[in-house]
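1. pasted the sequence and its predicted model underneath.
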Number of protein chains: 2
Amino acid sequence: MARRGDTIELAVLGLLHEGPMHGYELRKRLNLMLGWGRVLSYGSLYPALKKMLRANLIREVSAAATPTSRRPRIVYEVTPAGNEEFQRLMSEVGPTAWEDDNFDIRFAFFSSTDMEIRLRVLEGRRSRLQERLARVQAELARTQAEVDRYAGELQRHGVESVEREVRWLSDLIRAERGDSEAPPTRSAGTAGVPTPSD
Amino acid sequence: MARRGDTIELAVLGLLHEGPMHGYELRKRLNLMLGWGRVLSYGSLYPALKKMLRANLIREVSAAATPTSRRPRIVYEVTPAGNEEFQRLMSEVGPTAWEDDNFDIRFAFFSSTDMEIRLRVLEGRRSRLQERLARVQAELARTQAEVDRYAGELQRHGVESVEREVRWLSDLIRAERGDSEAPPTRSAGTAGVPTPSD
DNA sequence: AATTTCATGTAATTCGTTACATGATTCC
DNA sequence: GGAATCATGTAACGAATTACATGAAATT
């Protein structure tokens, strides 16, 4: 099952899916990807790579590909087993997949899965947010004038942020379903909608 | 110095600042406060309370206050030393204070500090977000059409979210400075602006 | 009478960070 | 030739979670 800590594993597999890469570069790409607050440290990445290497999910690319010089870099690529694991993790849509980081990772690699899974992830995330929204709004209504000025302002802002994300998700779901004509968000006209005919 | 893990401590001190409470209730309030994703477990809270008890930041309220029955609850209150520590932590505005959770906690207890500190926290948070924004947007412009459809959509949504928060912070800063007339956000007319005359 | 919620706690584990340590390569 | 960046790794540590364990009070 997808434990909490499979986040890095999934991310690495997803990135290597695009092509071979070495650790340092993986870290840079990763930090950009979930870059809002979190930065992955070497102390997390390299041990994770070693572990995946042992598990045969990735392998070192024979250095031959870099002819001129440049030795110290260790370039990794996904093994067939790694690709299987990647698909397995992507399609394993459970509670952990709705969580912020895990959702982001999955979303970023949506191109590597099919629409069915995309929809499940998007809809799962949406329901989860809507549940929370309902709960907090109920609480907000109950305690009404009672709450502190700033605490209340914070909660209001939180609610609005989540409402915004729900709308975003709804747009994406609509686009994904091919209700057509509607671009995912405000992007340029034709591009951006994944045509089911592919 | 404010280490990463002082988050719970600050939150507990802040909540008890409003009045005595027992662990279970503290947890509920806490989960509501930073309720978007995180839930604090007993395994974190109770040891933290014990630690604070030892450090003399909080003390048990003599059970006399609950006359009818109800024994098992252990109600805590802040000690003078705890209040000092609370003020110290609140005014200690460093990098850790701009982080998501720490910022939220501090914001929620803004009523218990003065405007000077509020402004420092708000402005600090804003600069931090703006820095990130600049960095990501630069990256976004550089890699332009190159990026994956979904990865790009995620980044765009991230940027917009942060931009929204920056606007929110700017509103709050303006209100805080008493540029007057401008309510903090969209709240009801007169209320909500902290009048400096208090 | 039984189930749920309230209420407190401990032990083991996990995820990940910080700090440390090292060395090659490229830019100035 | 020196500084910055690239690049890889280890050890110690920290914060918080999960799982475990227990029991009282309230609700159905």
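-> Thanks, I have the structure now.
2. packing partners for the strand or helix carrying A:Glu176?
-> Using DSSP states H and E, A:Glu176 sits in helix A:149-177. With contacts taken as 3 or more CB pairs under 8 Å, 6 or more residues apart in numbering or on different chains; DSSP states H and E, helix A:149-177 sits against helix A:115-143, helix B:100-108, helix B:149-176. (Glycine included, C-beta is placed from N, CA and C.)
3. mind listing what's buried along that helix?
-> Neighbour counts over helix A:149-177 (16 or more other CB atoms under 10 Å in any protein chain shown) mark A:150-159, A:161-162, A:165-166, A:168-169, A:171-173, A:175-176 as buried.
4. can stretch A:74-87 be said to contact DNA strand D?
-> Yes: using CB under 7 Å from any atom of the strand, stretch A:74-87 reaches DNA strand D at A:74-75.
5. span of that stretch from start to end?
-> In stretch A:74-87, first residue to last residue: 25 Å (CA to CA, to the nearest Å).
6. quick check: the gap between A:Val12 and chain B.
-> 15 Å (CB to the nearest CB, to the nearest Å).
7. with adjacent residues omitted, what lies nearest to that residue?
-> A:Leu26 (6.1 Å; CB to CB, 6 or more residues apart in numbering or on different chains).
8. surely the one you found touches A:Ser44?
-> No: assessed by CB atoms under 8 Å, A:Leu26 is found out of contact with A:Ser44, at 11.2 Å.
9. those two: who's more crowded?
-> A:Leu26 (21 against 15; other CB atoms under 10 Å in any protein chain shown).
10. returning to that earlier point: now do the helix holding A:Glu176: distance to the chain's middle.
-> From the chain centre to the centre of helix A:149-177 is a distance of 18 Å (CA atoms, centre = their mean, to the nearest Å).
11. how is chain A divided into domains?
-> Chain A breaks down into these domains under automatic domain parsing: A:6-65+A:72-108, A:114-177.
12. wait, which of these is closest to B:Ala48?
-> Closest to B:Ala48 of the domains of chain A is domain A:114-177 (CB to CB; 20.8 Å).
13. end-to-end on the closest one?
-> So domain A:114-177: terminal residues 12 Å apart, CA to CA.
14. try stretch A:57-72
-> End-to-end distance of stretch A:57-72 (CA to CA): 22 Å.
15. model confidence over that stretch, on average?
-> The average pLDDT within stretch A:57-72 is 68.
16. check stretch A:161-178 too.
-> On average, the pLDDT along stretch A:161-178 is 96.
17. may I see the buried residues of the helix or strand bottoming out on mean pLDDT in chain A?
-> One helix or strand of chain A scores below all others by mean pLDDT, DSSP states H and E: helix A:95-98, with a mean of 82. The neighbour-count criterion (16+ other CB under 10 Å) identifies A:96-98 as the buried residues of helix A:95-98.
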